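Trainee: just a sequence and a predicted model for now, questions to come.
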Amino acid sequence: MHPAPLPLRQRATLIVGALAFAAIASLLVAGMSGSVPVPLSELPQAVMQALDGRGDTLAASLVALRATRALMAFVTGGALALAGVMMQALLRNPLADPYVLGISAGASVGALFALLLMCAAATVDAAAVAGAVAISLLLYLLARRDLKHGSAAEGGTSQLLLTGVILMSAAMALVTLMLSIAPESRLRSMVFWMIGDLAGVPLRLFPWVVLALALVYSLRNARGLNMLALHAEAAATLGIRVGALRKGLFFVSAVLTASAVNTAGSIGFVGLIVPHACRFAFGPDHRVLIPSAVLAGGSLLVLCDTVARTVIAPTQLPVGAITALIGAPVFLYQLHQLRK
């Protein structure tokens, strides 16, 4: 006899608790690892000194620097994974990516243009947000009828996807043009930004606020996401405001993607493979899938960033290259499983 399945609340508590433990473990590994390792026995004291602002030891200084980078990696990975969950529910495609609508490409155009003009870091950040907002508004204007009418789910999402792909292609053409005319002194920083890099990222509150608000919104609409993922027309008959939900998913996922790109540049595959892997492991119920994807996405990017800065230390690799090397074979495996 098979054991009786656990109740949803108990099962969700076990899954989220285990992933939260894994997230803490990934942050500890990030704090200890580097060209100068910090032993586990010295880590608690170094953390306390870093929290008190007393970086009077080498271990405390290293932990403070690595903790900032690890926390920003976690919030970026969590934002990308949550955006992926929303995009896959919106497009009803388990292999949809948060960058598929061209929002990341728009942010890249803005940031690389500012880098090309040798602007300050704050101006680069503002330009990235402006580029993401511009693409989002243009996409909304071109596809607003599809977002408003939830009844035409299949055709609407296909039209939205096609519009996003076209805008992404146009934005990437501008990126290629800027890279081709960039002087040698700016080319390296522009390429690293395009690939995705967390080196030198300061600790910011804004990405955490964006992730927290998006998490609250998605959990409040988890039932509607379940219905939307099954069939949009059935969701409408059950009282779900499909049009409003689809517009909300579009805008919230756009803000999450813009926040992530603004923090770490263009990091691919996290929002593609993490939601699908969590769905495969824990089931399609968004009440479990949403927090699981956030924790798993954050932990994955923390570990990838740790590998990027330690594998050939002291030379640091762009974290986007590590996620691509891991994500490409995982994506092919997931695609093969779907076809089977």
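Mentor: Happy to help now that I have it.

Trainee: where does pLDDT dip in this protein?
Mentor: 1-6, 8, 53-56, 94-95, 144-158, 230-239, 338-340 (pLDDT under 70).

Trainee: and for the spatially closest residue to residue 270 that is not a sequence neighbour, the neighbour number?
Mentor: Closest residue to residue 270 apart from its sequence neighbours, by C-beta to C-beta, 6 or more residues apart in numbering: residue 80 at 4.3 Å. (C-beta placed from N, C-alpha, C; glycine too.) Neighbour count of residue 80, defined by other C-beta atoms under 10 Å: 35.

Trainee: who are the contact partners of residue 80?
Mentor: Counting by C-beta atoms under 8 Å, 6 or more residues apart in numbering, residue 80 touches 98, 256-257, 260, 267, 270-271, 274, 297, 301.

Trainee: got the contact list for residue 250?
Mentor: So residue 250 contacts 90, 101, 140, 147, 160 (C-beta under 8 Å, 6+ apart).

Trainee: same question for residue 33.
Mentor: Contacts of residue 33 by C-beta under 8 Å, 6+ apart are 66, 306, 310.

Trainee: for residue 211, same thing?
Mentor: Residue 211 neighbours (C-beta under 8 Å, 6+ apart): 75, 78-79, 82, 256, 259, 294.

Trainee: next step: those residues restricted to helices.
Mentor: Among those, the residues falling in helices (DSSP state H) are 75, 78-79, 82, 256, 259, 294.

Trainee: now render these as a markdown table, adding neighbour count and distance to residue 321.
Mentor: What follows is the ones in helices among the contacts of residue 211, written out as a markdown table (neighbours: other C-beta atoms under 10 Å; distance: C-beta to C-beta, whole Å):
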| residue | neighbour count | distance to residue 321 |
| --- | --- | --- |
| 75 | 29 | 20 |
| 78 | 32 | 20 |
| 79 | 33 | 20 |
| 82 | 32 | 23 |
| 256 | 31 | 22 |
| 259 | 27 | 22 |
| 294 | 29 | 23 |
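
Trainee: where do the helices of the stretch 201-340 of the chain begin and end?
Mentor: 206-220, 222-230, 232-237, 242-264, 270-282, 286-310, 319-339 (DSSP state H, counting those that start in this stretch).

Trainee: most tightly packed of these?
Mentor: helix 286-310 (a mean of 26; mean count of other C-beta atoms under 10 Å).

Trainee: so which elements touch it?
Mentor: helix 8-32, helix 58-91, helix 206-220, helix 222-230, helix 270-282, helix 319-339 (3 or more C-beta pairs under 8 Å, 6 or more residues apart in numbering; DSSP states H and E).
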